[in-house]
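**Q** What shape does this take:
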Amino acid sequence: MGEPLSLLELRDALADPVAEALVSVARVGGIEPLGPEKPVADQTYKYLVTSSEGKRLAVVLCSPGVSPDLIARGNRCAADAKRALGEELGRVVLEPLGDGEINGLSYVVLPYREPLSERRVAGWLQRRRVGPRVLDWLLGLTRQTMCDVSEADKHARFIRPLGELAESRDVSDAVRAAAERGLRRLEAGKWVPRFVLMHNDLWKGNILLDDAGGIVVIDWPGSMVDGYGIYDLVRLGDSFGLSDRALGEQVGAHCRVLGCEPVDAMSHLAAGLGYLLGNLDHFPMHLFVPLADRCVRRVGSAVGEVREV
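**A** Next comes the predicted model:
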């Protein structure tokens, strides 16, 4: 890889490959940064591409220098997710218009889709309308992608992460208690874990709308086909402002699909958090700790006191 490029130098380097990727769509009029350059090592470079008439055509994402394969990995993960979801559910995953490498950094050109409004009233009304569709899609995802866990994976992907989370001195008592209970129920045979497709960063900022008002889900680099249930639901519900009652209804629906007792919504969540704890990469511990505590407390409030069986 050569010397790091600035935001504007990278834009100029991307001009020709972006124009080539969009040659059958429209003539490119401009490529401009989406937001200011940030002084963080793992920033993804983002650009808005407009036509010569000023129409928004595409968004270009380019990997940061500390993780040059990030966007390429995201492309692969998105393709894996699309296959796992099948034709109907997989429509929410965008098809790239082009991809490649610039100065050692992977990039992708994606069709432009509209983000949810950040205005207070308009955003609230939009979330009220879009939220149920996203939640229905997520339940369908769980139903479509759920699969059994082998004995080897049960140990490596559930028992070990739960144990490590239960022993962590960094997380809260509530998070450790959730991990301990999940581990106890798993080892007693009272909870049978299952894999599902996991987005791993499912919040309103990663939900877009197409021209017909259909939902689009972006930002797949952290996703896993063999991921954990409940975590995406809690993050999404929190982001869309679901009440404890509404979140509890959604958790119950996911538990029925996963074939587990309501108490084990917390077991699925804790296993996912344990895995994330062991694979933080560039996500700092000081952000993970309150996130984990928030997720555990939200599930606890949504499900309420549930007796173990």
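**Q** Mind listing what's buried along stretch 288-305?
**A** For stretch 288-305, the neighbour count (16 or more other C-beta atoms under 10 Å) marks 288, 289, 292, 293, 295, 296, 298, 299, 300, 302, 303 as buried. To be clear about C-beta, it is placed using only N, CA and C from the backbone, and glycine gets the same treatment.
**Q** now do stretch 200-214
**A** Judged by neighbour count using 16+ other C-beta under 10 Å, the buried positions of stretch 200-214 are 200, 201, 202, 204, 206, 207, 208, 209.
**Q** Residue ranges in this structure under the pLDDT threshold?
**A** For the chain, the stretches with pLDDT under 70 are 1-3, 36-42, 305-309.
**Q** what's around the residue nearest to residue 140 when sequence neighbours are not counted, how many residues?
**A** Of all residues not flanking residue 140 in the chain, residue 89 sits nearest, at 5.3 Å (C-beta to C-beta, 6 or more residues apart in numbering). Counted by other C-beta atoms under 10 Å, the residues lying close to residue 89 total 19.
**Q** residue contacts, residue 89?
**A** By C-beta atoms under 8 Å, 6 or more residues apart in numbering, residue 89 lies in contact with 137, 140, 141, 144.
**Q** top of these by neighbour count?
**A** residue 141 (28 neighbours).
**Q** who touches it in this structure?
**A** Applying C-beta under 8 Å, 6+ apart to residue 141 gives the contacts 85, 89, 196, 197.
**Q** make it 7 Å
**A** The neighbourhood of residue 141, defined by C-beta atoms under 7 Å, 6 or more residues apart in numbering, consists of 85, 89, 197.
**Q** Next, give phi and psi for residue 201.
**A** Torsion angles at residue 201 (phi, psi; degrees, to the nearest 10) stand at phi -150, psi 50.
**Q** How about residue 30?
**A** Torsion angles, degrees, to the nearest 10, at residue 30: phi -160, psi 150.
**Q** Around it, count how many other residues there are.
**A** 14.
**Q** Would you confirm that it contacts residue 48?
**A** No: the criterion here is C-beta atoms under 7 Å, and residue 30 misses it with residue 48 at 8.2 Å.
**Q** ok so, going back, doesn't the residue nearest to residue 140 lie inside a helix?
**A** Yes: the assignment for residue 89 by DSSP: H, G, I helix; E, B strand; the rest coil puts it in a helix.
**Q** and it, how far is that from residue 208?
**A** 16 Å (C-beta to C-beta, to the nearest Å).
**Q** could you pull out the helices for the chain?
**A** 7-21, 70-89, 120-145, 151-154, 160-167, 173-187, 231-239, 244-258, 265-277, 285-303 (DSSP state H).
**Q** out of those helices, which comes closest to residue 60?
**A** helix 7-21 (5.9 Å; C-beta to C-beta).
**Q** Name the residues that touch the closest one?
**A** So helix 7-21 is in contact with 5, 28, 31, 33, 37, 45, 47, 49, 60, 62, 97-98, 100, 102-103, 107, 109, going by C-beta under 7 Å, 6+ apart.
**Q** Out of the buried residues of stretch 288-305, which is nearest to residue 221?
**A** residue 288 (16.9 Å).
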